[in-house]
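Student: dropping a prediction and its sequence here:
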Amino acid sequence: MLSVLVTGANGQLGKSIQELQGDYPEIEFHFKNSGELDISNENSIAEVFANNKFDYCINCAAYTNVEIAEREPQKAFLVNSQGTANIARECEANGTILIHISTDYVFDGAKGEPYTILDKTNPINVYGASKLEGEVKVRALMKRFFIVRTSWLYSEFGNNFYKTILAKAQKGEPLSITDAQTGCPTHADNLAKYILSLIILGSTDYGLKHFTDGVEHTWYSFAIDILKKNSLLEKTEVQKVKNYRTFARRPVYSVLESEH
Ligand SMILES: NC(=O)C1=CN([C@@H]2O[C@H](COP(=O)(O)OP(=O)(O)OC[C@H]3O[C@@H](n4cnc5c(N)ncnc54)[C@H](OP(=O)(O)O)[C@@H]3O)[C@@H](O)[C@H]2O)C=CC1
Ligand SMILES: Cc1cn([C@H]2C[C@H](O)[C@@H](COP(=O)(O)OP(=O)(O)O[C@H]3O[C@@H](C)C(=O)[C@@H](O)[C@H]3O)O2)c(=O)[nH]c1=O
């Protein structure tokens with residue numbers, strides 16, 4: 001039996017993994033939400049590790065509000081950089097393999113073609129910078145780790161673009177959606193299955209990975225797909241815009257070349 005700790009268990013990805021647990025009888029899952037394990041608190045982590053021996057830790061805990069991060073960078077860095085370092089340190093000390101999740105927003109978008117794991121990072125917003133610092137800490141502190149970068153996650157859980165658009169359309173609100181950014185929407189369930197496959201297959205191909213669903217979209221084309229799938233396109237007024245106002249800058253092109 002493999003023992004697997006999942007941090008941030010009540011977030012979008014954490015819940016997607018929880019949904020799948022019945023399909024993995026060979027794994028004993030230990031799901032910890034932010035109240036049960038605060039990754040920014042070393043004592044909280046030490047307490048959880050003192051009572052268990054984990055083969056793997058899937059770090060789903062993160063500060064993910066891209067907009068608000070611009071106004072409270074210290075909070076984003078506390079979780080995404082220091083918190084990640086805390087988890088990495090404890091995993092390394094306990095022989096636990098870390099599967100850490102990162103983002104397409106570590107790139108500036110200037111490349112204009114799919115980013116590989118060898119491409120230079122250059123975040124252009126606070127969230128991306130804090131996630132990159134988390135990656136750097138994992139690499140510095142650990143030998144056996146996976147850093148899985150993904151993009152534009154959506155699912156029935158948590159906050160995501162899919163749910164925002166669906167909720168607005170269901171209320172009959174007119175939509176104005178940017179086509180100024182291109183990326184790959186990725187269903188959290190597919191990412192969860194990929195992560196669990198690394199564990200089940202006992203992969204020793206450690207290091208950096210890119211995982212997406214592999215289909216490029218702008219936010220506008222993704223919104224059109226969402227409306228079509230939910231039979232809302234005819235009923236919804238949708239405007240394509242270039243200048244949807246946001247606090248945070250986002251990469252104009254952040255497609256990740258996915259190996260899977
Ligand atoms: N969402 C996306 O589009 C993408 C996400 N990612 C990455 O994937 C991972 C999972 O994201 P996702 O599930 O969507 O994010 P969510 O925001 O849905 O979930 C993150 C979870 O982390 C928890 N959390 C926040 N701070 C702490 C802390 N100090 N200690 C423990 N838990 C904490 C939150 O709990 P609470 O709500 O109680 O604060 C929340 O449940 C993250 O690393 C994210 O950066 C990468 C690319 C795209
Ligand atoms: C809701 C909405 C957003 N937008 C724009 C704003 C922004 O440029 C883009 C995406 O909006 P959101 O704020 O929903 O998505 P955002 O928070 O930028 O999503 C990101 O989250 C983090 C956690 C990641 O790691 C990224 O991969 C990515 O998924 O769409 C519109 O044009 N119209 C709208 O009605």
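Tutor: Okay, I see it. Residues are numbered from 1 along each chain as shown. Ligands and ions are numbered 1, 2, ... in the order given.
Student: alpha carbons only for contacts and neighbour counts from here, please
Tutor: Noted.
Student: strands of the stretch 101-250 of the chain, start to end?
Tutor: Secondary structure of the stretch 101-250 of the chain (DSSP state E, counting those that start in this stretch): strands located at 145-150, 153-154, 175-178, 182-183, 186-187, 207-210, 217-218, 238-241.
Student: out of those, nearest to F247?
Tutor: Closest to F247 of these, according to Cα to Cα: strand 175-178, at 14.3 Å.
Student: packing partners of that closest one?
Tutor: Applying 3 or more Cα pairs under 8 Å, 6 or more residues apart in numbering; DSSP states H and E, one finds that strand 175-178 contacts helix 161-170, helix 219-229, strand 238-241.
Student: on that earlier part again, wait, which of the strands of the stretch 101-250 of the chain is closest to ligand 2?
Tutor: In terms of Cα to the nearest ligand atom, the element of the strands of the stretch 101-250 of the chain nearest to ligand 2 is strand 175-178, at 3.4 Å.
Student: which strands border that closest one, and is each parallel or antiparallel?
Tutor: Counting by DSSP bridges, the strands paired with strand 175-178 are strand 238-241 (parallel).
Student: tell me the buried residues in the partner strand?
Tutor: V238 (16 or more other Cα atoms under 10 Å).
Student: please save the CA atoms from that strand in CSV.
Tutor: Extracted as CSV, the C-alpha positions of strand 238-241 are listed here (Å, rounded to 0.1, in the frame of the first residue of the first chain):
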residue,chain,number,x,y,z
VAL,A,238,-21.1,37.5,-26.4
GLN,A,239,-18.6,40.2,-27.4
LYS,A,240,-15.0,39.5,-28.3
VAL,A,241,-12.7,42.1,-26.8
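Student: could you dump the strands of the stretch 101-250 of the chain into a markdown table and include mean pLDDT and distance to L132?
Tutor: A markdown table is the format used below for the strands of the stretch 101-250 of the chain (pLDDT from 0 to 100; distance: least, Cα to Cα, whole Å):
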| stretch | mean pLDDT | distance to L132 |
| --- | --- | --- |
| strand 145-150 | 98 | 10 |
| strand 153-154 | 98 | 18 |
| strand 175-178 | 98 | 25 |
| strand 182-183 | 98 | 18 |
| strand 186-187 | 98 | 20 |
| strand 207-210 | 98 | 12 |
| strand 217-218 | 98 | 23 |
| strand 238-241 | 98 | 29 |
